[in-house]
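Enquirer: A predicted structure for the sequence below; I have some questions about it.
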Amino acid sequence: MKKIVTVFVLIIALVSCNSSDDQVNPVENVSKKLKSIKSSTSGRIFEYGANNFITKEYINYGVDGIVGSLEYVYNSKNQIIEIKQQNKNKEVDGTFRDFIGNTTYQYDNNGLISSSYQYYKYKNEQDSTRIETVYEYNNGNLVKKIEETTDTFNNYYNIHTFYTYTNNKLISAESKLFENGVYIPGSKIVSYTYDTKINPEYSLFPKSYVMIKGYDVNNIISYFDDKNPNASYDNVFEYDKDNFPNKTSTTYKNGNEIEYFYEYQ
């Protein structure tokens, strides 16, 4: 099987995961909507719909101020059924071209069961990369994700990811390559630890979407990737009087440091 690399980066920002223990309840009568998360080189700005969930997310990143967007479409049950994605890629000649992606989500009576993601390297081009994903649950937690990717050259790979929890808190995820009915030796393992404060991103989306994306009530204070240690990082948070973060200092293992600032409506 040919190996392929799928590249699509808008911004890597704070991610939180499922937790029921050790969480801090919001201060009574305090209701805050996250307006933006920004650093010196990147930012995410959120727009809300009548259902109080995110309907649009604007992303800017890099010294060129490249701007992208994610538009969230809901059904009458307030389930996300589609995400429309667009950003720009900078060419070697300094010009920019559009990058287009679209994800659709399927549900049954138990919740979100699968998604289909298709993206085009450039707008109006016919060739696309397709990612078909199936989600499996146990006791209300996502325990397995099967992701099948076919790129523009018809290369194919199948990745299975297994999730491990402690007290309903996601502590690690292991990804394995599945080929010809067996797992290829070796895997990638990422692990997480958390604070006990309020993660403002948890309330941006419906629970069914939160479960597959890893957001939850607490904030990640460390992330470790055993195959790419330089992508691992530690977070140090500053909180306001309501236990919401107003600043995060992120230090990557390669020495890079980024500060993120939160703004609320």
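Expert: That came through, no problem.
Enquirer: only C-alpha atoms for contact and neighbour calcs from this point on.
Expert: OK.
Enquirer: residues in contact with stretch 241-253?
Expert: 24, 26-27, 30, 197-200, 229-240, 257-263 (C-alpha atoms under 8 Å, 6 or more residues apart in numbering).
Enquirer: Report the distance from it to the chain centre.
Expert: Between the centre of stretch 241-253 and the centre of its host chain there is 18 Å, according to C-alpha atoms, centre = their mean, to the nearest Å.
Enquirer: List the buried residues of that stretch.
Expert: Buried residues in stretch 241-253, counting neighbours by 16 or more other C-alpha atoms under 10 Å, are found at D242, N243, F244, P245, N246, K247, T248, S249, T250, T251, Y252.
Enquirer: Stretch 92-105 now?
Expert: Burial within stretch 92-105, assessed by neighbour count using 16+ other C-alpha under 10 Å, is assigned to F99, I100, G101, N102, T103, T104, Y105.
Enquirer: CSV for the residues you listed, including distance to V73, secondary structure and pLDDT?
Expert: What follows is the buried residues of stretch 92-105, written out as CSV (distance: C-alpha to C-alpha, whole Å; DSSP: H, G, I helix; E, B strand; the rest coil; pLDDT from 0 to 100):
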residue, distance to V73, secondary structure, pLDDT
F99, 19, strand, 80
I100, 16, strand, 88
G101, 14, strand, 92
N102, 11, strand, 95
T103, 10, strand, 97
T104, 9, strand, 98
Y105, 10, strand, 98
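Enquirer: Let me have these in a markdown table, extended by distance to N138.
Expert: Formatted as a markdown table, those follow (distance: C-alpha to C-alpha, whole Å):
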| residue | distance to N138 |
| --- | --- |
| F99 | 36 |
| I100 | 34 |
| G101 | 30 |
| N102 | 28 |
| T103 | 24 |
| T104 | 23 |
| Y105 | 20 |
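Enquirer: From those residues, pick the one nearest G214.
Expert: Y105 (16.3 Å; C-alpha to C-alpha).
Enquirer: Can you check the pLDDT for the residue sitting furthest away from the middle of the chain?
Expert: The outermost residue of the chain, judged against the average C-alpha position, is D93 (30.9 Å), by C-alpha atoms, centre = their mean. Note for D93: predicted pLDDT of 76.
Enquirer: now swap in the one 4 residues further on and tell me
Expert: At R97, the model reports a pLDDT of 73.
Enquirer: repeat for E125
Expert: As predicted, E125 sits at a pLDDT of 63.
Enquirer: can you check T133 too?
Expert: Reported pLDDT for T133: 98.
Enquirer: Low-confidence ranges, the stretch 101-250 of the chain, go.
Expert: 121-125 (pLDDT under 70).
Enquirer: Tell me where it has helices.
Expert: 207-213 (DSSP state H, counting those that start in this stretch).
Enquirer: Which secondary structure state does the residue farthest from the centre of the chain sit in?
Expert: coil (DSSP: H, G, I helix; E, B strand; the rest coil).
Enquirer: Next, work out how far apart the residue nearest to P229 when sequence neighbours are not counted and F224 are.
Expert: The shortest distance from P229 to any non-neighbouring residue, by C-alpha to C-alpha, 6 or more residues apart in numbering, is to K253 (6.5 Å). K253 sits 9 Å away from F224, going by C-alpha to C-alpha, to the nearest Å.
Enquirer: what do these two both touch?
Expert: Among the neighbours of K253, those also in contact with F224 (C-alpha under 8 Å, 6+ apart) are A231, S232, Y233.
Enquirer: could those residues go into a markdown table alongside distance to N155?
Expert: Below are these laid out as a markdown table (distance: C-alpha to C-alpha, whole Å):
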| residue | distance to N155 |
| --- | --- |
| A231 | 26 |
| S232 | 29 |
| Y233 | 32 |
